[in-house]
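> sequence and computational prediction follow.
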Amino acid sequence: MPRTTGVLDEQQVLLSTLPPSRGQTRLALASAVLLLAAFCGTLPFATLPLRYTREFIPAYATAMFVISLITAALLYVQFSIVRSRALLAVSGGYLFSTLMTIPWALTFPDLFEQTDMASTTWGLLSTLWHLGFVLFVLAYTFLKEDESPIEWLRSSLPFAVLASAGGVVIADALVWLVPTTDPTIPTTLALFERSYSYWHALLFLAFLALALLWTRRRSVLDLWLMVVMCGLLIELCLIFLVGRRYVVGWYAARVCFLISSTLVLAILLSETALLYRRLARAVVAQSREREARLMTMDVLSASIAHEMNQPLASIVTNADAAARWMGRPSPDFDEVQASLDQIRNAAYRARDLIGSIRSMVKRDAGNRTLLDLNDLVRDVLALTQRELQRSRISVEMKLDQHLPLTKGDRVQLQQVLINLFTNAIEAMAEQKWPRILRITSVIEGPSRVVISVADSGNGIDPKIIDRVFNPLFTTKSNGMGMGLAICRSIIEGHDGRLWASAGAQGGAVFQFALPADAA
């Protein structure tokens, strides 16, 4: 059975190990039924003589050679992946069939010479061809039951393939050379070939191979080998019934086996094309994943730099302020203490930001608690009070005192408000008057809390208002384009929504909605 991992392996994609789907089973069954229908349709005309076509045997032999050779090569490739002894056996069977077509065609009596010796030798080679292929298929069915790994197959794969191919070549050479060097052997075996015992034995072996494939079928290859054996059985039955060449049954027998062999090759080629398609898709997906990871690293590093800029800038500003207060002739220790407190708070905020970013990357919801967003707004205003005073911005707050609590990560939502307040301050930095920051909180519907941050700056161009939340997009000369992207990511991580719009009195309005706590 295929292993249930997250990655496709050979058990899930190779023809020799892939379990057949319902569609593949129906297609194989339909092919077998069509071959049987052709057999039944041929029987009434099986003994009808046809004109001898000299080109038929060379064309048939060439087609069988090419089909069997490509099939053997594809099966050897699959053997090199799964190291199955059964697959090695059936690969050798197709290689045996490939090589047998050469002496079989060269000894055809009416092609080069018309002698009794040639006719007997050709019949014997035809017999050994069918018998050898059936025995290889039987070996495949028996070896399928013991698929335990063998170390020498894993460590000596080229040797296994070469040994198999070499053994098949030697067997073919013996089959070809022995009858041609000893004239008594074809005559002796010809008598057995014409006997009923021989045909009964050959038909029994073919039926046995078909039955074993049916009872032990587990893969798509098993399914289509059954179709091949059906074609072989039809060929043997027609040859046995007509008993002579150049009749409808004789031609139909060759065509049926050729069609059944072609079906296996077609399935192997289609599966190979499917593997190439999957490989191409996997390569493209891997490339995209690599690009996405690089982009994620860029975004993550940019987000860390962006978020850490604010507390670090606050630390530097307050350190400079403390130095100036200490450098006065009469140092103001209260102001120095206030600056040191701001430095400590900014350092704590930087520490919390790092933990918050880690939680956001890990999608960790363990730090979420019940929050009053009104209190959070007031805390952030206290943190940005100096920037607001320095920029001479007045604040108008309209907070709903009955605002329900919401569940969230305090540091992350605090960072969202800091980003929105900082953007509003920067948007109004070049605005002369008035400079007003309007903050409101309202209840929207039965279960949503909405916070609105509006400024009186120049506003946002409607053409780019949908792009301001994209990572690395910025309209500032010194901006990084990460603040709003991080804000949207945080809000959406809290099952909320963040959007921007133009203000009724100019400027821009940023709003986010969060679900209220059900309790």
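Thanks, I have it.

> so residue 387 is in which element?
Here residue 387, judged by DSSP states H and E, is contained in helix 385-390.

> hang on, residue 510 is in a strand, isn't it?
Yes. Counting by DSSP: H, G, I helix; E, B strand; the rest coil, residue 510 is located in a strand.

> can you verify my assumption that it contacts residue 453?
Yes. If you go by CB atoms under 8 Å, residue 510 and residue 453 touch, sitting 5.0 Å apart. No exception for glycine: its C-beta is placed from N, CA and C like everyone else's.

> what is in contact with those two at once?
420, 424 (CB atoms under 8 Å, 6 or more residues apart in numbering).

> residue 333: neighbour count?
10 (other CB atoms under 10 Å).

> residues of the helix holding residue 387 that come out buried?
386, 387, 388 (16 or more other CB atoms under 10 Å).

> what does it contact?
317, 342, 381, 395, 421, 422, 425, 437.

> so which of these sit within strands?
395, 437 (DSSP state E).

> and the buried residues of helix 385-390, which is closest to residue 138?
Taking CB to CB as the measure, residue 387 is the one of the buried residues of helix 385-390 closest to residue 138, at 86.7 Å.

> pLDDT at that closest one, what is it?
The score at residue 387 is 81. That number is its pLDDT.

> swap in residue 253?
89.

> does residue 392 count as helix, strand or coil?
coil.

> dihedrals phi and psi, it?
Here is the backbone geometry of residue 392 (degrees, to the nearest 10): phi 50, psi 50.

> ditto for residue 47
Residue torsions, per degrees, to the nearest 10, at residue 47 are phi -90, psi 10.

> residues near it, how many?
14.

> when you give positions from now on, start the count at 26
In the new numbering, first residue 26, that becomes residue 72.

> now do the buried residues in the strand or helix carrying residue 160.
Per DSSP H and E: residue 160 is located in helix 141-168. Using 16+ other CB under 10 Å as the burial criterion, the residues of helix 141-168 that qualify are 143-159, 161-166, 168.

> how about the contacts made by residue 489?
498, 500.

> re earlier: restricted to buried residues, select the contacts of helix 410-415 in PyMOL.
Restricted to buried positions by 16+ other CB under 10 Å, the PyMOL selection for the contacts of helix 410-415 reads:
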select buried, resi 342+367+406+446+447+450+462
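
> would JSON lines of the contacts of helix 410-415 with pLDDT and distance to residue 352 be doable?
Putting those into JSON lines (pLDDT from 0 to 100; distance: CB to CB, whole Å) gives the following:
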{"residue": "342", "pLDDT": "81", "distance to residue 352": "16"}
{"residue": "367", "pLDDT": "81", "distance to residue 352": "18"}
{"residue": "406", "pLDDT": "89", "distance to residue 352": "30"}
{"residue": "420", "pLDDT": "92", "distance to residue 352": "32"}
{"residue": "446", "pLDDT": "89", "distance to residue 352": "31"}
{"residue": "447", "pLDDT": "85", "distance to residue 352": "29"}
{"residue": "450", "pLDDT": "87", "distance to residue 352": "28"}
{"residue": "462", "pLDDT": "92", "distance to residue 352": "33"}
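
> name the nearest of the contacts of helix 410-415 relative to residue 79.
residue 447 (92.1 Å).

> pLDDT weak spots in the stretch 226-375 of the chain?
310-332, 334 (pLDDT under 70).

> how about the stretch 76-225 of the chain?
137-146, 171-186, 188-190, 193-194, 196-223.

> roughly how far apart are residue 413 and residue 492?
28 Å (CB to CB, to the nearest Å).

> residue 409 now?
For residue 409, the distance to residue 492 (CB to CB) stands at 26 Å.

> so between the two, which is more surrounded?
Between residue 409 and residue 492, counting by other CB under 10 Å, residue 409 is the more crowded of the two (21 against 14).

> the more buried one against residue 447, yeah?
Yes. Look at residue 409 against residue 447 with CB under 8 Å: they come within range, at 7.1 Å.

> any idea which element residue 356 lies in?
Using DSSP H and E, residue 356 falls outside every helix and strand.

> tell me the contacts of it?
residue 350.

> and if you look at residue 541?
429, 430, 431, 468, 472, 473, 474.

> out of those residues, show me where the pLDDT dips lowest.
Lowest confidence among those: residue 472, with 85.
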